[in-house]
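Asks: following is a predicted model, sequence given first.
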Amino acid sequence: MRIAAIILIIVIPSFFIFRNLTRPEQKQLNATLSIKEGKLPDGTSVTLNKGAILEYPSSFKKNKRNVKLNGEAWFEVRHDDAKPFIVTSHNVRVEVLGTSFYVNTNAANNTMEVILNSGSVAIYFDDHKENSLFLSPGEKAEIIPGQEKMVKDINTDQNYRAWMTQRFIFNNTPLVTIVADLNKVYHANLRIATPVSYCLVTATFDHQSVESILHVLQATLDLTISTHRTWTDISGNKCN
Amino acid sequence: MLSHSVFSQDLDKKITLIVHKQSLGAVIQKIGDEGKIFFSYNPQSLPLDMKISVKARNKTVREILDLVLKKNRIDYFVLENQVVLKMNQKDQTDKFREQVPSAMKHTISGYLKDKASGEVLIGANIYIRDTHLGTTTNAYGFYSLTLPANSYQMVFSYIGYKDFLMKINLEKDEEATIEMETSSLAIKEVVIQSKNKQEETRNSSLGEFQFSSKTLSQIPGFAGDLDIIKSLQAVPGIKSYGDGSSLFYVRGGNSDQNLILIDEAPIYNPSHLFGFFSVLAPDAINEMTVYKGDFPSKYGGRLSSVIDIKARNGNLKRFGFSGNIGPYASEITLEGPIIKDKSSFIVSGRMSTLNWLNDLNTSLKSFDILFYDVNAKVNFKLNTNNRFYLTFFYGYDHFGQTNESSYPTSGMSWNNMAGTFRWNHTFSNKLFSNTTICYSRYQYYLYIDNEQKDVWNSAISGLTFKTDFTWYLNPKNTIHEGVEITDHNSNPGNVSLPDNQTDPAAYPIAKYHSMEYDFYLGNDMSIGKRITIGYGIRLPVWQDLGPTTVYHFDGYHNLIDSSRVSNLSTYSSFISPEPRINFRYMLNDRSSLKASYNRTTQFLQVLSSSVSPFTSLEVWAPCGPNIKPQKSDQVSLGYYSQVFRTKLNFSAEIFYNIFHDHIDYKDHANLLFNHLLEGEIRDGKARSYGIELILRKTENNFTGWIGYTYSRTFVQTPEVNNGKEYPAFYDRPHNVCIYLSYTAGKHWAFSANWLYMTGGAITTPVGFFYNNGYSIPIYGDRNNDRLPDYHRLDLSVKWTLSKPEQRYQHALILTLYNAYGRLNPFSVNFNKIQDGNGNIVVPSNLDGEYQLIPTTISVAGMIPSLNYQFKF
Amino acid sequence: MKKMILYFLILLSFSGCEKKTNWQLKSQASKLVVVDGIITGELKTQSLTLTFPVTELNAKPAPVTGATILISDEDSVFNMTEQPAGSGVYKSVFPFLAREGKNYSLLIFYGDQVISAKSAMAPASVFNFLVYSKDEDSELYHISWVASSFSTEAPAMWEVLLDWSKVPGYQQTDSAKSKARLLFYTLSTLDVSEIFAPSVEKVSFPAGTTINEIRYSMTPEYAEFIREVLQETQWQGGLFNTIPANVPTNLSPGGAGFFAVCGVYSISQTVPQ
């Protein structure tokens, strides 16, 4: 009896110690103040937008590459047939083999958004891989985690990566959409008046400040832009 | 904000575009892809579906856009890295105008300022898109435009700053003060902006050059410090004397015929010692405009040029300091707001640190050199309509020779002092006025013999009250009008011999006192789209007042009589109307022709019969019964153009100038201590003519220009040189200036400057005769010979140590003045020998069998300098 | 090594200075008759030298020979004859002296030319002897002060004759090298080029030298001539040069130089051993 107790006293703690030593350490990639780029242990590169947090192990030991995401991120996953790459947020899992795609766990109206650039992804809830939604390049999925609902659609937003690339491409885009994009990416607080909301613009902006973009828009559409302390009003004559 | 743009808007890139009946939209897309250009447009407003065909092989994007867009009445312009496309709205605006029933006019006015510092922008251009209407900001940054009630697109532009576009609905009088941001784009600052720039300038002055503080900072100065007078050498038509000289000659006029104004106060001697440094610290300058062809009727009193320098007001937003530390002189500037956005101050000081040169110089006697200057300015904006400026300037120079035992044997010192008080007042948004009260004084002291304290001194001073009005009547007419009253006093040279046994039986030289009244009226008028005319008249009145003694001479310049004039009575007066007219015609978008006629009068002149690069003992004397006012009539023609399909600008100007009552002197004139100095003057006439050519590249990292001037000046004085015409000593027919500047990244800038001038005209002996042991030269014609040609190369490298976004900016500047060390002589002499020790001296043993050798004297070989420049 | 670099930099930079040069003059031959010499108030054989101008620097002037020279005051005429013949040096047949208050006329007959001049005599006056001092680094002396160069009183020329040919140690040397003649002036005018005149040759002499200082008083015309000569000779080549021009003359056309009549006073001293 005494021998059993000794064994237990020695073995049980050592077991836990051993277990902790071999378990891979959890690391975190945190984009608190600005866009952050990182490389995961398998060579996958990830770019996080401001405010996003990514949790990942110091090494991908098991037969899966599991990461946890909160926020907006762009992934370029290294191809590995044996180890699928899974992004988890709450109960939603986005699984890929080798691909490049965009995830936003905090999209509007409590939804989550996944947009695929290349490769293929499967999206499912918890472990229910059998009920996966597959995306092809150029497609996007809107997921409502609470209701376990997923909707697939063609991605029309050319500028979903603008936060990262600093490049906006507008093609016959209504001004209201442009303003929304600028607000989202630059946190600009631009307000658009109704008469000019549906003026269309074709333009490309690359690495330019909001002021610079507004300057061009003003010249293109004869807008009146008035800057106030915390917001900017955009108005003008109705376009034909 | 830095631009890492992948696509740079280079409209001169060559592409090939061959399309057949494709939609305009697709063609624009193709042009964008091929030319790497971003377009921005409202797709609803352009006829994108229109089918067009284009066949363009290896043409620039600009040409293709002109081909495709212009004929479909689509305008394009570059803005912020995009090419914006818009339908030509002229038809629409015209229709809109027809609909507007009343022809009510309203005025938009205000100031243009630098966003970061609040400094006003002088000479900035403002124009209304799609029209030919526009204006420029005046010397205080003020503009005013009166237009019919309508909506307009106004463009504000100034070199070195981003263009600012503003849309306005002009339904009532508006006030708009615009803060402009400096440009971060790849367009490098133009070093000289000739005011010929198409589409933007309404000022039709011919021979006028404008330098902003940004542009001045790019010209390599002497000793790593930029120099205003040196930068003038870069302007074609302005010839400097050579090394070590701040004297300059413009279009055939003598060096005392240039009016230099600092904040409206005339400065009589713009140089510090040897002419290597000019009198105002460069950091203190906002803008400098050089008029050499014709002056607006606002300026007068000198015949050749007007250098109008406006000092900076001081940062209205935050404190800052800047400076330059170097081996020859160092300066520091402090500035900042007194009341934020309303009032600011700026103080600059500079001092020389030259005495270590004594250890090097073995040839001349050793000397003691010092100079310093202080410039302080305060400005206050009371309200929108009233601003006040107070400027004070003082510069001092001292140059002394010491003998072997370091005892001063002779020396000279001079000082310039000027103070101005100015009041800008806007009566209405169309009527701007400036009232100035200023006092300027220049004194010159010569210590003849320090042991006995004999001092020769001369002085000139002027107290001026003037007021200038600018009336922006309408976009086609801007009227300038003003009145100026000056009280001039000059001491042409007197000797004080304190406690000397030899009591002077000599006459004290009478001092001069004169009053000048000027009135001017002029109009800048534009007719249609192509023609601008500036016309005006200046009417100066000059009166010489007592108390003084007036000397009367006969035809042979012998004294026959003298008369006493009592206090404040007028003994001589002159009135000399000066009509001015200039005319500009735009041939097309890129080129223009100009013509002008100018008459100017000079009442005050420097009497000096010495030929030397250094500022000599200056005797300022006004005209009077024995000296007639000098007059000049100048005609000039010019052509300016942007060279087709390139980024080069070309301009050519020719001029012809006649000088009446040109002053020359009796042989070996005695001007220094001579109460009859007016009898030493001989008057005659002079003429000059020339052609000035300049080719400039103004954009991107590599800028530069090549200027060539051919000009001649001939003088004819009945009693000099037997009445035969002779070239002036500053007649230097060929003049070449090449300037190149290259910026590599954010940290390195290189520049090089090469100057060439034909040697000055000199008189050399045609023989010698001997008398009492002296070998005395015999001369034939005046200025029968030439000095060797002058040329030198300056190189400079600037290493900016800080990053552009840092608040504390600093840089190291290495300058090599006269990089290949050519000794450019300023005189040739035939009176020296080489003594036993190899020194070149004048022989003193007149019976010794001495061998005279011809010698040349030059001022400087290669002068290197390493400066540390900083700015916070 | 560091010192070498420093010297190199110094040499490279401030080498602005005066250099010997070759210069081709645009020579023109001249047939002017140059009059050199001063008629003084000393009772002695007065002498004038007549030469022609030269076209090259340092050329030896050709003498004007076979001319007839007459000098007259209102009362008498003094004949000058060329002695030796062909030398261009004309000496008075009998010694005479110039007197104050008289007007003197010069007449030169040369070939078919007649050249004349008139001059009054400025009275002589006494003066204080010059000051000499020892050189810093040798046993020799130099002249440190003669007279003030500017004075509103009468202008004067000071001739200083130094002779050390009899001083022990200098007797073997060529006597021409043991003598010196220096000229100084006091003028009532001031010129820029005078004030900033170039360096002058330093003449040093040993103890035992005889110094003979002679003061010539000048008429205003002669002073003006001298002033202009100095502008063209002693004062030329400094920092401020006057515009070159021909010096004046009081001789009628065809003549150059100056016919000067001066009152003279001299003092002699020997530098003590």
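Replies: Sure, I can see it.
Asks: what's around A:Thr156, how many residues?
Replies: 9 (other CB atoms under 10 Å in any protein chain shown). In this view, the C-beta of every residue, glycine as well, is placed from N, C-alpha and C.
Asks: ok, it to A:Ile115 distance?
Replies: 10 Å (CB to CB, to the nearest Å).
Asks: with A:Thr32 instead?
Replies: For A:Thr32, the distance to A:Ile115 (CB to CB) stands at 24 Å.
Asks: for B:Thr32, which three-state class applies?
Replies: Careful, residue B:32 is Gly and not Thr. Assigned with DSSP: H, G, I helix; E, B strand; the rest coil, B:Gly32 falls in the helix class.
Asks: chain A: helices as residue ranges?
Replies: A:2-22, A:162-165, A:175-186, A:194-197, A:210-221 (DSSP state H).
Asks: got the residue ranges for the strands in the stretch 351-500 of chain B?
Replies: Ranges of strands within the stretch 351-500 of chain B are B:367-383, B:386-402, B:408-426, B:431-449, B:454-474, B:477-496, based on DSSP state E, counting those that start in this stretch.
Asks: tell me which of A:Thr32 and A:Ile115 has more neighbours.
Replies: Legend: neighbour count by other CB under 10 Å for A:Thr32 and A:Ile115, higher for A:Ile115 (21 against 10).
Asks: quick check: the more buried one touching A:Lys140?
Replies: Yes: the pair A:Ile115 and A:Lys140 qualifies as a contact (CB atoms under 8 Å) at a distance of 4.3 Å.
Asks: what touches both of these two?
Replies: A:155, A:157 (CB atoms under 8 Å, 6 or more residues apart in numbering or on different chains).
Asks: before we move on, back to that, rank the helices of chain A by pLDDT, which is bottom?
Replies: Across the helices of chain A, helix A:2-22 has the smallest mean pLDDT, namely a mean of 52.
Asks: need the contact list for the residue of chain A found nearest chain B.
Replies: Nearest residue of chain A to chain B (CB to the nearest CB) works out as A:Ala203 at 3.5 Å. Counting by CB under 8 Å, 6+ apart, A:Ala203 touches A:168, A:170, A:216-217, A:220, B:38-41, B:82.
Asks: which of those sits closest to chain C?
Replies: B:Gln82 (51.6 Å).
Asks: what helices or strands is the helix or strand hosting B:Thr532 leaning on?
Replies: For B:Thr532, the element it lies in under DSSP states H and E is strand B:531-545. With contacts taken as 3 or more CB pairs under 8 Å, 6 or more residues apart in numbering or on different chains; DSSP states H and E, strand B:531-545 sits against strand B:512-527, strand B:570-575, strand B:578-588.
Asks: what is the rounded mean pLDDT of the first one?
Replies: Read that as strand B:512-527. 92.
Asks: for that strand, name the packing helices and strands.
Replies: Secondary-structure packing of strand B:512-527 (3+ CB pairs under 8 Å, 6+ apart): strand B:477-496, strand B:531-545, strand B:619-622.
Asks: run through chain A and note the low-pLDDT ranges.
Replies: A:1-24, A:97, A:240 (pLDDT under 70).
Asks: same check on the stretch 151-273 of chain C?
Replies: For the stretch 151-273 of chain C, no range has pLDDT under 70.
Asks: in it, which residue sits closest to chain A?
Replies: C:Leu239 (58.1 Å).
Asks: burial measure for that residue, as a count.
Replies: Around C:Leu239 there are 24 residues (other CB under 10 Å).
Asks: report pLDDT for the residue nearest to C:Ser76 when sequence neighbours are not counted.
Replies: With CB to CB, 6 or more residues apart in numbering or on different chains as the criterion, C:Ser76 has its nearest non-adjacent residue at 7.8 Å, and that residue is C:Phe96. C:Phe96 is assigned a predicted lDDT (pLDDT) of 90.
Asks: what's the answer for B:Lys90, then?
Replies: pLDDT, read off for B:Lys90, is 58.
Asks: next, the buried residues of the strand or helix carrying B:Gln153.
Replies: Per DSSP H and E: B:Gln153 is located in strand B:150-157. Residues of strand B:150-157 classed as buried by neighbour count (16 or more other CB atoms under 10 Å in any protein chain shown): B:150, B:152-157.
Asks: strand partners of that strand, parallel vs antiparallel please.
Replies: Paired strands of strand B:150-157, with direction, are strand B:125-128 (antiparallel), strand B:164-170 (antiparallel) (DSSP bridges).
Asks: what residues of the strand holding B:Thr532 count as buried?
Replies: Buried residues in strand B:531-545 (16+ other CB under 10 Å): B:532, B:534-536, B:538-545.
Asks: can you give the strand pairings for it, parallel or anti for each?
Replies: strand B:512-527 (antiparallel), strand B:570-575 (antiparallel), strand B:578-588 (antiparallel).
Asks: hmm, who's touching the last one?
Replies: When you say that, I think you mean strand B:578-588. Under CB under 8 Å, 6+ apart, the answer for strand B:578-588 is B:198, B:204-206, B:294-297, B:300, B:522, B:529-540, B:592-601, B:641.
Asks: now do the contacts for residue 126.
Replies: I went with chain A, as the question did not name one. Contacts of A:Asp126 (CB under 8 Å, 6+ apart): A:91, A:93.
Asks: switch to chain C, that's the one I care about
Replies: C:Tyr265.
Asks: which SS class is it?
Replies: coil.
Asks: ok, it to chain A distance?
Replies: 92 Å (CB to the nearest CB, to the nearest Å).
Asks: same question, B:Asp341
Replies: 16 Å.
Asks: leaving out sequence neighbours, find the closest residue to that residue.
Replies: B:Asp341 sits nearest to B:Leu316 (CB to CB, 6+ apart), 5.3 Å away.
Asks: need the phi and psi values for C:Lys178.
Replies: Not quite, residue C:178 is Ser, not Lys. Main-chain torsions, C:Ser178, degrees, to the nearest 10: phi -110, psi 20.
Asks: any idea how far it is from chain B?
Replies: 11 Å.
Asks: residues touching that residue, list them.
Replies: Applying CB under 8 Å, 6+ apart, the residues near C:Ser178 are C:163-165, C:167, C:170.
Asks: quick check on those: which are buried?
Replies: C:163-165, C:167, C:170.
Asks: let's have those in JSON lines, adding distance to chain A.
Replies: Shown next, in JSON lines, are those (distance: CB to the nearest CB, whole Å):
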{"residue": "C:Asp163", "distance to chain A": "92"}
{"residue": "C:Trp164", "distance to chain A": "89"}
{"residue": "C:Ser165", "distance to chain A": "93"}
{"residue": "C:Val167", "distance to chain A": "92"}
{"residue": "C:Tyr170", "distance to chain A": "90"}
